[in-house]
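**Student:** just a sequence and a predicted model for now, questions to come.
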Number of protein chains: 2
Amino acid sequence: MITVAIAEDHQSLIDGVNLLLKYEEEISIVGMANDGEELLKIVRLKRPKVVLMDIRMPKIDGIAATNIIKKELPHTKIIAFSMFDQEDAVRQMIEAGASGYLLKNSPLEEVLTAIRQVAQGETYYDAALDPSFFSKDAKQQVKKQLLSKSEREILKLIGQGKTSSEIAAIRFNSVSTVETHRKNIIRKLGLQGKGELLRYAIEKKYDF
Amino acid sequence: MITVAIAEDHQSLIDGVNLLLKYEEEISIVGMANDGEELLKIVRLKRPKVVLMDIRMPKIDGIAATNIIKKELPHTKIIAFSMFDQEDAVRQMIEAGASGYLLKNSPLEEVLTAIRQVAQGETYYDAALDPSFFSKDAKQQVKKQLLSKSEREILKLIGQGKTSSEIAAIRFNSVSTVETHRKNIIRKLGLQGKGELLRYAIEKKYDF
DNA sequence: TTAAGAATACCCTGAAACGGGTATTTTTTT
DNA sequence: AAAAAAATACCCGTTTCAGGGTATTCTTAA
């Protein structure tokens, strides 16, 4: 029996995972949490074999929570969820001791595969993740810096809730310029629509 | 001399506070942090008299950080910042031991007043805060539930980055209905523009 | 049993942003 | 010196949303 705890505020995801696991007899969900503190309590009490956790959570985030769990209960396997393929998030989670990494927009069946795989001591990383992390050859990932300086600056302002015309005023640009950058950011990051752009910009501030 | 530490990712705010405090000889900034963990290190090392802190921070959030600081160094005075007047945030911060609460859109001079006031052992709460918190008569705040069920549901979906037409599809509503709710949410919460709505919806998920 | 609040849905205007281009001028880098 | 990358700026048509209404149905609480 694989015992699983979930920390996740995205209700649709919890519902989906529940639905999926209902028919899996060797997997049982022993607890759900909405923030890192709650998750720690559940893990200490129930000692699940696998923890599925959102990286961004109130009180204590996924990276900090992973560090704590790995220190106290090193046999616990951790699978991280995140919305975007953010370099730092992946790196920090792996450093903290996570055994798996899933993107929230991947097919739900991946969750099952990942749980089974990490429960057996293996790792599972979403195929959509930038593979350069996993090539152990320490060739410095120089390739990076996907976004240019202006783009990062504008991304930051977007994350502060500024509109394109406000950003244009701040930067002494024309609105067209800002919108071009905006479009390039969306293209480069593979986002879809302003919703995701804003979400990305806001989450980005939080370093993961 | 009042020693101050700041934890805040909003650069413009740090800049503003810095500029403001430069001319205040009895106030000195002894440290700045970008997340809760960093802030704790600074506080333990420098032991500032006053801490200005953002509620939403990576690793450890403002509420958790306040709890920890108040346990370890109870003489430290804490002033919380937040973007919105969110009931839970105010209540939780006060319970955690914060001596002051500022909204980020208040005039900068308030920061000065607040620092001076809490350094002297008093409290300082932004005038824009809902005063019902501070009326100690425990008349149950029945007035609550500002948003209706549909509105909260839609707010949540907005926080997940969904557009109105997506939300309409999910809820089997017409787009008009969703937009009406959206407008009512904005009106009830006193937000301005879609940027704030989205920011609010995203932050709201994190309970403060 | 009314009156209030909630949920539903539509109208209109204008601003903002998407997403598809193209194009020019600077900077870098090779 | 030439090529590549970044920054700048505009065009177009379309969608989304704000902010201002109005209006009907349904539920709930005086």
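**Tutor:** On my side now, so go ahead.

**Student:** domains in chain A, by residue range?
**Tutor:** For chain A, whose domains are defined here by automatic domain parsing, the residue ranges read A:2-133, A:149-204.

**Student:** right, and these - which one's nearest B:Met53?
**Tutor:** domain A:2-133 (14.3 Å; Cβ to Cβ). For glycine as for every other residue, the C-beta is placed from the backbone atoms N, C-alpha and C.

**Student:** do that closest one and chain B come into contact?
**Tutor:** Yes. Domain A:2-133 lies within reach of chain B by Cβ under 8 Å from any Cβ of the partner chain, at A:9-12, A:34-35, A:37, A:56-61, A:63-64.

**Student:** just the residues you listed now: which is nearest B:Gly161?
**Tutor:** For these, the minimum distance to B:Gly161 (Cβ to Cβ) is 10.9 Å, reached by A:His10.

**Student:** and the helix or strand bottoming out on mean pLDDT in chain A, what other elements does it pack with?
**Tutor:** When each helix and strand of chain A is scored by mean pLDDT, DSSP states H and E, helix A:11-22 comes last, with a mean of 80. Contact here means 3 or more Cβ pairs under 8 Å, 6 or more residues apart in numbering or on different chains; DSSP states H and E; on that basis helix A:11-22 packs against strand A:2-7, strand A:27-33, helix A:109-119.

**Student:** my guess is A:Tyr124 contacts A:Val111, does it?
**Tutor:** No. Contact criterion Cβ atoms under 8 Å: A:Tyr124 and A:Val111 do not qualify, at 9.7 Å.

**Student:** now the helices for chain A?
**Tutor:** A:11-22, A:36-46, A:62-72, A:87-96, A:109-119, A:149-159, A:164-171, A:175-189, A:193-204 (DSSP state H).

**Student:** tell me the most buried of those?
**Tutor:** Each of the helices of chain A was given a mean neighbour count from mean count of other Cβ atoms under 10 Å in any protein chain shown, and the largest, a mean of 21, is that of helix A:62-72.

**Student:** circling back: so which of the residues of domain A:2-133 next to chain B would you say is closest to A:Thr3?
**Tutor:** Nearest to A:Thr3 among the residues of domain A:2-133 next to chain B, with distances taken as Cβ to Cβ, is A:Asn34, at 19.2 Å.

**Student:** so what pLDDT did that closest one get?
**Tutor:** If you check A:Asn34, the pLDDT there is 84.

**Student:** dump the residue contacts of it.
**Tutor:** A:Asn34 is in contact with A:7-9, A:57-58, B:207, counting by Cβ atoms under 8 Å, 6 or more residues apart in numbering or on different chains.

**Student:** next, the buried residues of stretch A:118-127.
**Tutor:** Residues A:118-119, A:124-126 are the ones in stretch A:118-127 that count as buried (16 or more other Cβ atoms under 10 Å in any protein chain shown).

**Student:** closest one of these to A:Ile29?
**Tutor:** Nearest to A:Ile29 among the buried residues of stretch A:118-127, with distances taken as Cβ to Cβ, is A:Ala119, at 13.4 Å.

**Student:** once you drop chain neighbours, what's closest to that closest one?
**Tutor:** A:Ile2 (4.7 Å; Cβ to Cβ, 6 or more residues apart in numbering or on different chains).

**Student:** I figured that neighbour hits A:Ile115, correct?
**Tutor:** Yes. Using Cβ under 8 Å, A:Ile2 makes contact with A:Ile115 at a distance of 6.3 Å.

**Student:** now for the residue in chain A that DNA strand D sits nearest to, how many residues are close by?
**Tutor:** Closest approach of chain A to DNA strand D (Cβ to the nearest atom of the strand) occurs at A:Ser148, with a separation of 2.6 Å. A total of 13 residues lie near A:Ser148 under the criterion other Cβ atoms under 10 Å in any protein chain shown.

**Student:** residue contacts, it?
**Tutor:** With Cβ under 8 Å, 6+ apart, A:Ser148 has no contacts at all.

**Student:** and for the one 4 residues further on?
**Tutor:** Residues in contact with A:Arg152, defined by Cβ under 8 Å, 6+ apart, are absent; none qualify.

**Student:** give me the distance between it and A:Thr177.
**Tutor:** For A:Arg152, the distance to A:Thr177 equals 15 Å [Cβ to Cβ, to the nearest Å].

**Student:** center of chain A, which residue is that?
**Tutor:** The residue lying closest to the centre of chain A (Cα atoms, centre = their mean) is A:Ser82, at 1.9 Å.
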